[in-house]
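*Asks:* sequence and predicted structure, then a few things I'm wondering about:
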Amino acid sequence: MSAERVTAQYNEEFRTPGSSLPTVAQHVKGFPTLAFWHSEYLARPLFVAEREIRQFADDLQHLIETLLSLPDRMFGGDLDAFRSVLGISDGRWEAIRGFGDVLPPLYGRADMYHDGTSFKLLETNLGSESGAWGVAGEISRATMEVDAFADFARRNRLGYADPARAAVEVLRRFGARVAPGREPVVAVLEWRGGLRDYGELWLNFQSALRSAGLDILVAEVSDVHERGGALYLGDTRIDVVYRAFVPDQIAEEPDGWDLVAPLLRAHRAGGTLMWTPLSSNMFANKACMALLSDPARRRDLSEDECRLIDRVLPWTRLINTDVLKTDTDLVDECLERREQLILKVNARGGGAGAVVGWETDDATWRRALENSAAEGCVVQQRVIPRPEVVVDPVSGKTEEWHAAYGMFYTPQGWAGTWAKAVPAGSASIIGIMANAKARSAAVFHQSELPAWGEVPANAAK
């Protein structure tokens with residue numbers, strides 16, 4: 001049975017008088033480990049074929065590996081030339097290089113749409129600062145506690161992978177370098193004042209990891225100190241810092257370097273490790289996707305790599321001040337294709353600075369290209385999400401929603417999936433913070449094997 005037929009069957013059973021399926025979202029909302037996640041939930045989970053999600057995860061891994069090779073393959077190893085094209089300022093570059101690491105591990109949350117034919121990548125979100133690792137699996141776990149859904153999952157071979165368990169596995173492996181034979185002491189470190197805005201997200205992460213078997217601490221960079229080549233929170237020695245801040249914060253705060261000095265000393269001494277390096281932020285820059293997408297820039301890539309890129313990544317092009325001056329053909333194409341394109345600022349996340357071409361007029365679009373070029377931006381082909389058919393539990397009416405899927409990945413591969421959804425036509429950017437109508441949703445994959453419930457993310461296909 002296809003994912004579409006699973007959806008149709010679920011909606012049919014959802015409407016059946018006396019069914020408990022309409023109570024799933026309310027049960028999830030009251031789940032203890034989601035107490036810090038103040039979001040409403042879609043009336044039903046979303047369903048995908050396991051074969052499809054794993055194939056996309058394999059493609060994503062190869063694409064990111066190709067992305068990490070760009071400095072060598074396109075710039076002859078010249079990192080300054082590479083960061084110049086990405087539009088990384090001197091201050092941010094100093095922060096990235098100050099911690100020494102260049103190539104980051106494959107750890108993050110890729111965002112994508114399904115266009116009805118296949119998944120299309122929108123952003124890689126490489127790095128530990130990407131959120132929702134604690135939310136995704138807990139939504140699925142809470143959903144499975146409803147007996148009616150557990151029965152439906154069993155009959156339809158539905159399963160899920162828990163990103164929190166994958167994160168625990170990664171952190172244990174990484175922490176074993178400094179904590180052999182014991183559990184590493186891991187601390188999420190936000191920027192000064194960061195817990196005011198993102199504390200609930202990290203408390204959810206803490207709760208989810210505790211449920212997965214690893215206790216972690218949550219603090220801000222101003223709370224820790226260095227002693228004897230290691231970082232401490234009070235009297236507790238930290239083995240691994242789970243980084244939740246970005247280079248911009250170091251560069252833009254007047255005392256940014258003073259705040260990270262204890263961490264930097266412990267990192268250089270090797271007593272405390274940092275997951276993930278600040279260079280993750282460089283490779284998560286949206287301009288990297290433009291470098292992969294543009295045929296004029298990928299003469300050193302293989303035919304297989306180019307086919308993979310074109311299969312996974314929408315048409316994406318880099319716009320900066322040099323491009324505005326020298327590539328009039330590209331600029332003209334972007335102006336002509338306004339209704340098919342969205343502009344995204346390279347180093348910003350959460351939709352900040354984005355301009356939706358099909359919602360603006362020609363003059364506004366032209367100004368947006370010119371104004372954003374100074375900071376550095378990309379223009380990307382519009383991807384129209386497939387409709388996700390949902391039954392309203394109150395009215396019983398059938399509604400169409402659009403979903404943005406988030407795929408978690410680690411060095412071991414795919415680590416689970418979740419989704420955010422909005423009513424179709426209500427928003428061009430799908431985000432929990434950007435739209436009051438947005439809903440969180442569990443994602444269950446349908447296996448071709450007789451398995452259901454929580455499954456290992458990286459189990460054999």
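*Replies:* Yep, it's here.

*Asks:* could I have the CA atoms of the helix or strand encompassing residue 262 written out in CSV?
*Replies:* Counting by DSSP states H and E, the element that carries residue 262 is helix 256-269. In CSV, the C-alpha atoms belonging to helix 256-269 read as follows (Å, rounded to 0.1, in the frame of the first residue of the first chain):
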residue,chain,number,x,y,z
GLY,A,256,32.1,38.1,22.2
TRP,A,257,35.6,36.7,22.4
ASP,A,258,35.8,37.2,26.1
LEU,A,259,32.6,35.1,26.5
VAL,A,260,34.0,32.2,24.5
ALA,A,261,37.6,32.4,25.8
PRO,A,262,37.1,29.7,28.5
LEU,A,263,35.7,27.4,25.9
LEU,A,264,38.4,28.2,23.4
ARG,A,265,41.1,27.4,26.0
ALA,A,266,39.5,24.1,27.0
HIS,A,267,38.9,23.2,23.3
ARG,A,268,42.6,23.9,22.4
ALA,A,269,43.8,22.0,25.4
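
*Asks:* beyond it, next helix or strand please.
*Replies:* strand 273-275.

*Asks:* what strands line up against that next one, and which way round?
*Replies:* strand 240-243 (parallel) (DSSP bridges).

*Asks:* ok now the very next helix or strand once past the partner strand, how far from the chain's centre?
*Replies:* Downstream of strand 240-243, the next assigned helix or strand under DSSP H and E is helix 247-252. Here helix 247-252 is found 21 Å from its chain centre; the criterion is C-alpha atoms, centre = their mean, to the nearest Å.

*Asks:* which parts of helix 247-252 are buried?
*Replies:* 247-251 (16 or more other C-beta atoms under 10 Å). Heads up, the C-betas are built off the backbone N, CA and C, glycines and all.

*Asks:* other SSEs contacting that helix?
*Replies:* helix 90-98, helix 256-269 (3 or more C-beta pairs under 8 Å, 6 or more residues apart in numbering; DSSP states H and E).

*Asks:* let's go with 6 Å and repeat that
*Replies:* Packing contacts for helix 247-252, counted by 3 or more C-beta pairs under 6 Å, 6 or more residues apart in numbering; DSSP states H and E, involve helix 90-98.

*Asks:* which residues touch the helix it packs on?
*Replies:* 83, 247-248, 250-251, 278-279, 282 (C-beta atoms under 6 Å, 6 or more residues apart in numbering).

*Asks:* repeat the analysis, applying 8 Å as the threshold.
*Replies:* Identification of contacts with helix 90-98 by C-beta atoms under 8 Å, 6 or more residues apart in numbering yields 83, 88, 247-248, 250-252, 256-257, 264, 278-279, 281-282, 347.

*Asks:* with respect to residue 306, which of those residues is nearest?
*Replies:* Nearest to residue 306 among these, counting by C-beta to C-beta, is residue 282 at 23.0 Å.

*Asks:* so that closest one touches residue 88, yeah?
*Replies:* Yes. The pair residue 282 / residue 88 is scored as a contact, 6.4 Å apart, by C-beta atoms under 8 Å.

*Asks:* quick one: stretch 153-160 to chain centroid distance?
*Replies:* On C-alpha atoms, centre = their mean, the centre of stretch 153-160 falls 25 Å from that of its chain.
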